[in-house]
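In: Sharing a sequence plus its predicted fold:
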Amino acid sequence: MESFLNENFGAVKAKHSSEEVLQRWRDLCGVVKNPKRRFRFTANLSKRYEAAAMRRTNQEKLRVAVLVSKAAFQFIQGGQSSEYVVPQEVKAAGFNISADELESLVEGHDIKKLKFHGGVDGIADKLSTSTTNGLTTDGDLLNRRQELFGINKFTESEGRSFWVFVWEALQDMTLMILGVCAFVSLIVGLAMEGWPKGAHDGFGIVASILLVVFVTATSDYRQSLQFKDLDKEKKKISVQVTRNGYRQKMSIYDLLPGDIVHLSIGDQVPADGLFVSGFSVVIDESSLTGESEPVMVSAENPFLLSGTKVQDGSCKMIVTTVGMRTQWGKLMATLSEGGDDETPLQVKLNGVATIIGKIGLCFAVVTFAVLVKKMFGRKLEEGTHWSWSGDDALEMLEYFAVAVTIVVVAVPEGLPLAVTLSLAFAMKKMMNDKALVRHLAACETMGSATTICSDKTGTLTTNRMTVIKSCICMNVKEVSKASASNLCTEIPDSAVKLLLQSIFNNTGGEVVVNKKGKREILGTPTETAILEFGLSLGGEFQGERNAFKLVKVEPFNSEKKRMGVVLELPNGGFRAHVKGASEIILAACDKVINSSGEIVPLDESSSNHLKVTIDQFAGEALRTLCLAYMELENGFSVDSPIPLSGYTCIGIVGIKDPVRPGVKESVALCRSAGINVRMVTGDNINTAKAIARECGILTDDGIAIEGPDFREKNLKELHELIPKIQVMARSSPLDKHTLVKHLRTTFGEVVAVTGDGTNDAPALHEADIGLAMGIAGTEVAKESADVIILDDNFSTIVTVAKWGRSVYINIQKFVQFQLTVNVVALVVNFSSACLTGSAPLTAVQLLWVNMIMDTLGALALATEPPNDELMKRQPVGRGGNFISNVMWRNILGQSLYQFLVIWFLQAAGKTIFFIHGSDSDRVLNTLIFNSFVFCQLFNEVNSREMEKIDVLEGILDNYVFVSVLGCTVVFQIIIIEYLGAFANTTPLTFVQWFVSIGIGFLGMPIAVYLKKIPVDT
């Protein structure tokens, strides 16, 4: 079976499956009872084709707009633009430009129109806002703004009500056929036996159908609510906005035209808008247009489109168009209907359902044929084959109902849906454990992970950084808040001025005053630590920023490992400041400021002193940064790059970032679970090694390597080296990508990768499971990831792995349980029909069994919470069989026991229990039905553990499991004792109940014996 599944249903991967592959498995699915339900949690391919067509249209629109705007640019100095008339309602609301005008201006890249409206400042005035202080939220201008320009949300499909799920559950083909059978049975019964006796069989089937439908719909409806909650969480995106003169974090859904938004590398543009100010802004428009070529945005080309990504640089933008007025809004409304890709397990289990469904269909047809043949044979013997009564019609109808119900039981429609149920349950619980799952498949893939490539900063460490050591003017000093003022007195004034100039101008952070009037530092933890250091030295952020004009900014990225700015000095001339990875910046220096404040050549002894200092800081697990500057005596052009060498070293700072509590234990837990943890960081190798040893990642037989050395290795060397690598320092995003690719393809590992920066996106995309950081992560990283770690904590990643294993094993348990019921129900009814001419389990009874094994079984087994034992097993890895030999052993062993017991009861039950009289067949069949149900109940308990003997451990902790078992027992008693007329049962004696439960219970010691039979795993 496994080879058939891999061949026909194995092409779907956890990520990046093509539309052709997704369509192929759908075409292979046969014997689908209810397509609406079966394919509910699969991708809507037609909506995806629609979204792709929309992207192509956007690409063409933008191409035309750019050409038109270029042509218009030629004529701007020429003729005056046609007058724009402000609509009356816009004027009345206090604005001088309409939403339609803004939409056509930005979407059409209309430079001529922008010029006519007075450029960006003119647009700001017409929107009653300020490019410095943002819009004001006083009075009811905000409400009028909202009414006129709309809100920044796109139209979403309405949530479906409970009754829609009831209707979909009723679409089951076999239930419809049974409904028709019930209707015919009702008519014939009433004609033959009158009311109420003649209605019992028909009403029995109808009641069973309704019970199945309502239980199924309730389960499906609850799942949909869980997914809805998770979708809301996925859409929580915040941006930095200036409103009422204050910088603040705000949800993108609260943005309005006129808002001033601050964008930096890795952000998603939250609405259509215009560039106000900024440096080196490169925008990736591929998500909107499919066009991979990045676009430079500046004062000359100021148009920013919603949904695009900031690939490089930083800027301030004014929002002009929001929500469904933007192309992104229209695209997202279509994309949201495209759904999530189906997971490999869902597809595999659809394959299992197809195989068993076909077998069941054959069994059903043969069973019906055998029963009808026996009936004809009997009538031939009696010589009544030419005379047919209503009783004969009812008997024939019962046979047909049994055949249809065999199909109901045989087609395990619940298998693919059990995956969704288990994933929905796990995703909801993981959300409480600070992990937001963006793609369903990541849940199950994480259970197979064999390697985790983790970042250092913020994941293994706390990301709360402080400067605790410095080497300024060649002097190494401890730094604390108390000693910072003393530090100033020990450093020459000229050096202090240069240091503060470097700290406050060459930064991606900001020091602002918040709403409460308190000073607040914005920026990455590294920037925050350095700005804090500058403030403690007595520096004043705004004063330093206002003293110089920023001419050029090259923001930090993990490729260059440096950031640079060029300042225009008040007395003329230009000065460049750089900071970044210590050894890289130091290599670019040829001079240094000495302890007297003089600039001297960087000779060998000075260079060695600084290198030893860097190693010393790094050996203490400090992150080191070097600051340097140079005078640009030959002038500077904005289009020129910032020089790469010829700098004067100001100093080095050592930043402490403590290891998170519990990381060491989590790494040890991973190791015991067969998961290798590797650290991949951009930091200095000595810092990385010190932290890796503290976390327990770097062992005596492991290797720590630097990115540049890794890049130079050939394939053969990489093949020998990669399995031993535990730490990679000074790595570039490409190194990370290369490592992940080799681990996946060459070594067959299932790789989870953490990332927070924009440049991590390729590695997150390449990995089997991409884990983005929720706090430090950029929007680009989050969008490329499968799971977002909301607290940026490594221990949460281990929790995700535990839940992943739990999902995988829970589904295996459910499959084992359901296949056992399938096999027994099929064989019992088929063999009984062939040998005795009647089926011991009626249509109503089989529907009840179907519900126990389908919806209720999935609820009980697919929602088992994870336990610590899961992390003591080895991972399944890439090549593991889903239906393992252990499962086959348990399925076949239990099936054989149940079949033999039921067959024995059928053959000798009347004699053993002294069952005589006219209703002896009914009593025996009730006994068989009761024993069969209790066999399933005890087998459900057995299925909690596939290899462990103690199946009762922790059973009371899972209230869902206990509730399902309890409800099933109560309903079973009601069916047997009180619903005999409908379910074709009769009340049993105490002894018969005891024997039924005993037969079921015997399955438990048999399961213990089976688990002791060794099989190849």
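Out: That came in fine, so what should we check first? Numbers count the residues shown, from 1 in each chain.
In: For the rest of this, base every contact and every neighbour count on C-alpha atoms.
Out: OK.
In: Enumerate every residue touching the residue nearest to Lys948 when sequence neighbours are not counted.
Out: The shortest distance from Lys948 to any non-neighbouring residue, by CA to CA, 6 or more residues apart in numbering, is to Lys1011 (7.5 Å). Residues in contact with Lys1011 (CA atoms under 8 Å, 6 or more residues apart in numbering) are 890, 946-949.
In: Show me the helices in the stretch 851-1000 of the chain, by range?
Out: Using DSSP state H, counting those that start in this stretch, the helices of the stretch 851-1000 of the chain run over residues 857-861, 885-912, 920-942, 959-978, 980-983, 990-1011.
In: Quick one: the ones you listed as a markdown table, columns for distance to Phe574 and mean pLDDT too.
Out: Below are the helices of the stretch 851-1000 of the chain laid out as a markdown table (distance: least, CA to CA, whole Å; pLDDT from 0 to 100):
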| stretch | distance to Phe574 | mean pLDDT |
| --- | --- | --- |
| helix 857-861 | 70 | 82 |
| helix 885-912 | 74 | 90 |
| helix 920-942 | 77 | 91 |
| helix 959-978 | 71 | 90 |
| helix 980-983 | 93 | 78 |
| helix 990-1011 | 79 | 93 |
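In: highest average neighbour count across those?
Out: Stretch with highest mean neighbour count among the helices of the stretch 851-1000 of the chain: helix 857-861 (a mean of 26; mean count of other CA atoms under 10 Å).
In: what's that helix packed up against?
Out: Here helix 857-861 touches helix 414-432, helix 794-836, helix 959-978, going by 3 or more CA pairs under 8 Å, 6 or more residues apart in numbering; DSSP states H and E.
In: Make JSON lines out of the ones you listed and add distance to Val751.
Out: JSON lines is the format used below for those (distance: least, CA to CA, whole Å):
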{"stretch": "helix 414-432", "distance to Val751": "20"}
{"stretch": "helix 794-836", "distance to Val751": "11"}
{"stretch": "helix 959-978", "distance to Val751": "33"}
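In: The closest residue in space to Cys589 that isn't next to it in sequence - how many residues pack around it?
Out: Once flanking residues are discounted, Cys589 sits nearest to Tyr647: 4.3 Å by CA to CA, 6+ apart. Neighbourhood size, Tyr647 [other CA atoms under 10 Å]: 23.
In: One more: the one 10 residues further on?
Out: By other CA under 10 Å, the residues close to Asp657 number 24.
In: if I pick it, what's in contact with it?
Out: By CA under 8 Å, 6+ apart, the contact set of Asp657 is 457, 461-466, 622-623.
In: where's it relative to Thr528, distance?
Out: 12 Å (CA to CA, to the nearest Å).
In: Against Lys113, how distant is the residue nearest to Lys948?
Out: Distance of Lys1011 to Lys113, computed by CA to CA: 78 Å.
In: Was I right to think Pro87 contacts Glu101?
Out: No. If you go by CA atoms under 8 Å, Pro87 and Glu101 don't touch, sitting 10.4 Å apart.
In: What separation is there between Asp391 and Glu398?
Out: From Asp391 over to Glu398 the distance is 10 Å, taken as CA to CA.
In: Looking at those two, which one has more neighbours?
Out: Glu398 (21 against 13).
In: Please enumerate the strands of the stretch 351-500 of the chain.
Out: 435-437, 451-454, 466-472, 475-478 (DSSP state E, counting those that start in this stretch).
In: The second one pairs with which strands, and in what direction?
Out: In its sheet, strand 451-454 lies beside strand 676-680 (parallel), strand 751-755 (parallel), with partners assigned from DSSP bridges.
In: For the last one, give me every contacting residue.
Out: This points to strand 751-755. Counting by CA under 8 Å, 6+ apart, residues outside strand 751-755 touching it are 446, 449-455, 740, 743-744, 761, 763-764, 767-773, 777, 781.
In: swap in the first one?
Out: Strand 676-680 is contacted by residues 450-456, 667, 670-671, 688, 692, 697, 725-729, 731, 736 when judged by CA under 8 Å, 6+ apart.
In: Recalculate using a threshold of 6 Å.
Out: 451-455, 726-728 (CA atoms under 6 Å, 6 or more residues apart in numbering).
In: Comparing the helices and strands packed on helix 857-861 by mean pLDDT, which bottoms out?
Out: The weakest mean pLDDT among these belongs to helix 414-432, with a mean of 80.
In: Point out where the stretch 301-450 of the chain drops to low pLDDT.
Out: By pLDDT under 70, the weakly predicted segments of the stretch 301-450 of the chain are 333-342, 385, 413-414.
In: Helices along that one, start to end?
Out: 327-335, 344-382, 390-410, 414-432, 440-446.
In: Report all helices and strands that the fourth one contacts.
Out: The one in question is helix 414-432. With contacts defined as 3 or more CA pairs under 6 Å, 6 or more residues apart in numbering; DSSP states H and E, the packing partners of helix 414-432 are helix 344-382.
In: what's the angle between the helix it packs on and helix 390-410?
Out: 160 degrees (axes from the mean of the first three to the mean of the last three CA atoms, to 10 degrees).
In: Could you number the chain from 169 rather than 1 from now on?
Out: In the new numbering, first residue 169, that becomes helix 512-550.
In: Okay, buried residues for helix 512-550 please.
Out: For helix 512-550, burial by neighbour count (16 or more other CA atoms under 10 Å) applies to 512-529, 531-540, 542-543, 547.
In: How about stretch 665-675?
Out: Judged by neighbour count using 16+ other CA under 10 Å, the buried positions of stretch 665-675 are 667-675.
In: Which of those fall within strands?
Out: Using DSSP state E, no member of those falls in strands.
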